[in-house]
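Novice: mind folding the following:
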Amino acid sequence: MAILRSLQEPLLFTTSGDCMHDCLFDFSQPAKPMEPDEWIKSIRMVTQIASISKWLKYKGIDLILVPVPRVLELYPQRFLGEGVPRSGEIAPHLRYLTLQLLLADVEVFDLLPQLRHRTSKGNPPLNLATDAHWTDVAQRITARLIAARLARFGFAQSAKRAPTRYSFRPAEFRFGGYFYEFLTDAEIQLTRATMTQSIEEVFTADGKPFEANAGAPLMVVGDSFTSFHHVALGREQSGEAAALRKAGDPFAEFKLPPGSGIVAYLAKELNCKISHKAVLGSTLEPLIDLFREPEDLNGVQSIVWIVNTMSLFRQDAYPKTLKTPPVKAI
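Specialist: Here you go, the predicted model:
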């Protein structure tokens, strides 16, 4: 794995080489980049997402696709220096993809302009220093943005008028991150201060940590960007925890923060229950699961699909053929 380190000091961000690879051009043919139209057709993405969106609309459910920008898109100067175009846009093919989805009648909520606006000097980082995921700050900002987008729905308006369902409590989130074990001792010291975050946990009115609820009017579908915060995704898979214990590092002992993360924050912003599907959320699989288990859609009025942009390049994310089932009453 190639680890990229930000150019300036202190070391604020690290990322993986494949993230740069996918942000800058089509990874399947790096020596011969495709034209945008060719690339869109090759991954079958637009037509399949549009087909699922149409199927959901027939059932009275709105799909909103929310791509999460990667650290390279938000902080390109940190990694590319003088190589960043004047526009600051390093992934024009993703903007083209958004356009094609919109033209196919798929609602897309592009976070890039809003989040990039918050990357100026002096603002807290939106990405973790030693992991590919976003910080608690970025998740809270995004929850507010998505909640504002959902304000047009009847369920959101009703929830705002209802008694307060959730409250925040301050907490601590200590997370080494996926790239921790690949850093030098000096780099670990530079990033150590950012590995402990002051966060907020969401609790119900009766004092219990937030949990997703089946049958809620809003369903969030997603990959690790919707779940890593409360399961510390990647620690065991990356070998981080084992490496930390071997070194006697205090970060080896980790307390999971229940009731935190983007789904909990969105529930708090909306004052509304939310259901959550995060298995293989960077592919169409959780949405295709709804074909097999339509009862999961009972009561659902809107689906927010949060997906990281790098995952949109995965050839295995979209089956060779996709046929939506007949529309039946839920």
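Novice: could you use CA atoms for every contact and neighbour count after this?
Specialist: OK.
Novice: and the gap between the nearest residue to M45 once chain neighbours are set aside and I52?
Specialist: Excluding the flanking residues, the one nearest M45 by CA to CA, 6 or more residues apart in numbering is Y318, at 6.5 Å. Shown here: Y318 relative to I52, a distance of 12 Å by CA to CA, to the nearest Å.
Novice: ok, R5 - how many residues close by?
Specialist: Per other CA atoms under 10 Å, the neighbour tally for R5 reads 19.
Novice: what's it sitting at in phi/psi?
Specialist: When read as degrees, to the nearest 10, the backbone of R5 gives phi -110, psi 140.
Novice: please name the bridge partners of it.
Specialist: Note on R5: beta-bridge partners T14, judged by DSSP bridges.
Novice: right, and it touches L72 too?
Specialist: No. Judged on CA atoms under 8 Å, R5 makes no contact with L72 at a distance of 10.8 Å.
Novice: any residues in contact with both of these two?
Specialist: Contact with both R5 and L72 is made by residues F79, according to CA atoms under 8 Å, 6 or more residues apart in numbering.
Novice: contact partners for the residue nearest to A132 when sequence neighbours are not counted?
Specialist: Computed as CA to CA, 6+ apart, the closest residue to A132 that is not its neighbour in sequence is T15, at 5.9 Å. T15 makes contact with I3, L4, R5, V71, T130, D131, A132, F179, according to CA under 8 Å, 6+ apart.
Novice: just the pLDDT at the second one, thanks.
Specialist: Here, the pLDDT recorded for L4 equals 79.
Novice: just the closest of the contacts of T15 to T119, please.
Specialist: The nearest member of those to T119, counting by CA to CA, is V71 at 10.3 Å.
Novice: just checking, that closest one touches A129?
Specialist: No. Contact between V71 and A129 fails when scored by CA under 8 Å: they sit 9.9 Å apart.
Novice: coming back round to it: any idea which of the contacts of T15 is closest to Q189?
Specialist: Once CA to CA is applied, the member of the contacts of T15 that ends up nearest Q189 is T130, at 11.6 Å.
Novice: I'd like the distance between that closest one and Y58.
Specialist: 43 Å.
Novice: more neighbours: these two, which one.
Specialist: Legend: neighbour count by other CA under 10 Å for T130 and Y58, higher for T130 (29 against 14).
Novice: name the element that one belongs to?
Specialist: Applying DSSP states H and E as the criterion places T130 outside every helix and strand.
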